[in-house]
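Undergrad: sequence-free structure coming up:
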């Protein structure tokens, strides 16, 4: 809804939160992990650092961590909007025309905003699918043949969306995104 209404930076922030949710939920695999999560009491830090949680999530689901740096790089791209990174912010919220600066509050539907929105939606959907896979990995009994077919169909659609995204905005995607 944020992307659709022209709030691309907010959509990017939400996609980063989906990533954080996925790796955190994947780290909670048993009663001891759940108790550590429940007893976490430091308001100034998260339950875990995202890079190690990303590695743990991939180790748990795939049995390897080769893709962790690539996924963490995507997370960093998403977080640029969350943390007011000046690299991203310099391109937003204003236009300079004939030596005059004009600030642009509210929805943004310029091409760069559409790029950001598309990236947020494509990556957010992919990350949400990772969370579903993590839940099923925790309880394989949930994976009926019907659900397996739906997940496979979803992966095909996500791959097609990613292909279109990379073709349209290659600069937004690291090599072999």
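TA: Good, I have the coordinates. This is a predicted model, so every value here is computed, not measured. Numbering: from 1, shown residues only.
Undergrad: can we go C-alpha only for contacts and neighbour counts from here?
TA: OK.
Undergrad: Any buried residues in the helix or strand encompassing residue 165, and which?
TA: Using DSSP states H and E, residue 165 sits in helix 145-168. By 16 or more other C-alpha atoms under 10 Å, the buried positions in helix 145-168 come out as 151, 158, 161-162, 165-166.
Undergrad: Residues in contact with stretch 116-133: which ones?
TA: Contacts with stretch 116-133, where a contact means C-alpha atoms under 8 Å, 6 or more residues apart in numbering, come from 3-4, 6-9, 11-12, 14-16, 18-19, 21-23, 25-26, 78, 158, 161-162, 165, 172.
Undergrad: When you filter these down to buried only, what's left?
TA: Restricting the contacts of stretch 116-133 to buried positions leaves 3, 6-9, 11-12, 14-16, 18-19, 21-23, 25-26, 78, 158, 161-162, 165, with burial counted as 16+ other C-alpha under 10 Å.
Undergrad: Can you name the element that comes right after the one helix or strand residue 69 maps to?
TA: Residue 69 belongs to helix 68-82 when assigned by DSSP H and E. Going down the chain from helix 68-82, the next helix or strand is helix 86-89, by DSSP H and E.
Undergrad: My assumption is that residue 102 lies in a helix; please confirm.
TA: No: for residue 102, which was evaluated using DSSP: H, G, I helix; E, B strand; the rest coil, the result is strand, with no helix membership.
Undergrad: Got the confidence number for it?
TA: Looking at residue 102, its pLDDT stands at 81.
Undergrad: So in terms of bridging, what pairs with it?
TA: Beta-bridge pairing of residue 102 under DSSP bridges involves residue 95.
Undergrad: Sketch out the low-pLDDT regions of the chain for me.
TA: In the predicted model of the chain, residues 174-177 satisfy pLDDT under 70.
Undergrad: does residue 58 really touch residue 65, like I thought?
TA: Yes: here residue 58 reaches residue 65: they are 5.4 Å apart, a contact under C-alpha atoms under 8 Å.
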